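In: Just need the structure, nothing else, for what follows:
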Amino acid sequence: MGHIGRRGFVVGATGVALAATAMAAEAPAVESVARTLNGAHRVRPRKGPYPHGDFRGVWVATIANRDWPSAPGLTAAAQRTELLAHLDTAVKRRLNAVILQVRPSADALWPSTYEPWAQCLTGTQGRDPGWDPLGTAVTEAHARGLELHAWFNPYRVANHTDPTRLVANHPARLHPEWVVPYGGKLYYDPGVPAVRRFVQDAMLDAVRRYAIDAVHWDDYFYPYPVAGQVFDDDATYAAYGAGFPDRASWRRNNIDLLVSETAARIKATRKGVSFGISPFGVWRNRATDPEGSDSNAGVQTYDDLYADTRKWIRQGWIDYVVPQLYWNIGLPAADYAKLLPWWDAVVRGTGVNLYVGEALYKAGDPAQPAAWQDPKELSRHLALAHRYQSVGGHGFFAAREVAADATGAMAAVVADHYPTRVRPPLTRAQRA
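Out: Numbers count the residues shown, from 1 in each chain. Below you'll find the model as predicted:
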């Protein structure tokens, strides 16, 4: 979610491109919101494991100033005003969780002791913006009855391949052996043990210092495949790959270690912080694996991103999963109506909460299939999902569209499914 990778490839033989594409809202009184959420309130009846909650999240992407800040170099006051407007919009839409991207490219939206200030704030990586965006977001979200999920990208270093464009003391410049250029971007090499430790340390710095409700990752592990290019980890594989049957198995183990170690360290750092991941919506196609989904996606997380998302659920390493089911009902290559029951079955009985990632950004986009021209498409998604007992809510990509809502698709969701504000479901971490 820089969701260029989320939407920057073609799905299956149909050639469906997942291409990337302020509301003036009067803020309700903080005291009124707190009373609503802390006292008795109506909840939508739900069968299954979520009788008292419904996750209603919105992603706020900061990479390349996608959602916020609207441009680099705004004053601290202007940045804060825009951030609060996004929080107020979430309240107006009766949402209850904001997933804020706080580590977009190996830089930070808080005064990190590990990495430089994020470029999206001032336009210059490493420049102090004059305020603490993450600290403010946590305080102001909680005042509005919203959860604040801190969204980190583990391995992306830059959306270019020139290390000299990074601030001089950037860890990627101090440790060039950690970095691999690929597909026009720079990445930390997941196979280097020191990298795995460092990225955990960098993310856990925020967990220690702020009362965030969750650590959230999206779909970036090993990078999405780029035609004609090879992710050059030959030296790393030679150094650390002994004992694995092939490079793919070794790479998957690297990501498994990142997930399992991070899960353990979150629990040891701050009680009650959830760990959630929002993967690409296809683990494997059934044609590849009989246990896979009835889909024909061009990307499979297990095979192409080396991310065994199903294993993480079964092992209980994560508290919630938000598969990006960014396709319309009836799409031949990746049918929302067929992927939904697959994920429902995967999480059933595991104790891992299932929320569904929704492609609000596609609503009304003329480049998308005809289904997305109907403002009711997303509302139908929620109606369908409500039939599956493991589904505990939805997340909407992304904040810019939640605010603007050019086609009324978000308004339809709210009118049809969100009659009143409710709490998110408790996760296993919060119940412990």
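In: Can you give the distance of stretch 271-282 from its chain's centre?
Out: 8 Å (C-alpha atoms, centre = their mean, to the nearest Å).
In: And the residue nearest to Arg103 when sequence neighbours are not counted, how close does it get to Trp327?
Out: In space, and not counting its chain neighbours, Arg103 is closest to Phe152: 4.2 Å by C-beta to C-beta, 6 or more residues apart in numbering. Where you see a C-beta, it was placed from the backbone N, CA and C, and this is true even at glycine. Phe152 sits at a distance of 26 Å from Trp327 (criterion: C-beta to C-beta, to the nearest Å).
In: who's the residue nearest to Arg103 bridged to?
Out: Counting by DSSP bridges, Phe152 is bridged to Arg103, Trp217.
In: could you list every residue that touches it?
Out: 101-103, 203, 206, 215-217 (C-beta atoms under 8 Å, 6 or more residues apart in numbering).
In: before we move on, what about Tyr222?
Out: 155, 190, 231, 251, 255, 304-307.
In: Find the residue closest to it in space, skipping its chain neighbours.
Out: Tyr306 is the one closest to Tyr222 (C-beta to C-beta, 6+ apart), at 4.6 Å.
In: returning to that earlier point: out of the contacts of Tyr222, which is most surrounded?
Out: Ranked by the number of neighbours (other C-beta atoms under 10 Å), these place Ala307 first, at 27 neighbours.
In: follow-up on the earlier one: mind listing what the residue nearest to Tyr222 touches?
Out: 190, 221-222, 248, 251-252, 254-255.
In: nearest to Ala411, of the residues you listed?
Out: Of all those, Phe221 has the smallest distance to Ala411: 34.8 Å, by C-beta to C-beta.
In: Distance check, the closest residue to that closest one other than its chain neighbours against Asp219.
Out: Take Phe221 and drop its neighbours on the chain: the residue closest to it by C-beta to C-beta, 6+ apart is Ala307, 4.3 Å away. Applying C-beta to C-beta, the value for Ala307 to Asp219 is 8 Å.
In: what do you get for Tyr188?
Out: Where Asp219 is concerned, Tyr188 sits at a distance of 16 Å (C-beta to C-beta).
In: same question, Pro171
Out: For Pro171, the distance to Asp219 - C-beta to C-beta - is 23 Å.
In: One more: Ile212?
Out: Going from Ile212 to Asp219 by C-beta to C-beta gives 20 Å.
In: Restricted to helices, list the contacts of Tyr306.
Out: Mapping these onto helices (DSSP state H) picks out 248, 251-252, 254-255.
In: show me where this structure has strands.
Out: Using DSSP state E, the strands assigned to the chain run over residues 10-11, 16-17, 55-60, 97-103, 147-152, 156-158, 179-182, 185-188, 214-217, 274-277, 320-321, 353-358, 391-396.
In: The nearest residue in space to Phe397 that is not next to it in sequence: what's it in contact with?
Out: Distances taken as C-beta to C-beta, 6+ apart put Trp59 closest to Phe397, at 5.0 Å, once the chain neighbours are dropped. Going by C-beta under 8 Å, 6+ apart, Trp59 touches 1, 3, 67, 99, 101, 151, 395-399.
In: one more time with 7 Å
Out: 1, 99, 395, 397-399 (C-beta atoms under 7 Å, 6 or more residues apart in numbering).
In: thinking again about what came up before, ok, the residue nearest to Phe221 touching Phe280?
Out: No - applying C-beta atoms under 7 Å as the test, Ala307 and Phe280 come out as separate, 8.1 Å apart.
In: Overlap of the contact sets of those two?
Out: Joint contacts of Ala307 and Phe280 (C-beta under 7 Å, 6+ apart) are Thr301.
In: Quick check: the gap between the residue nearest to Phe397 and Ser278.
Out: In this view, Trp59 and Ser278 are 8 Å apart by C-beta to C-beta.
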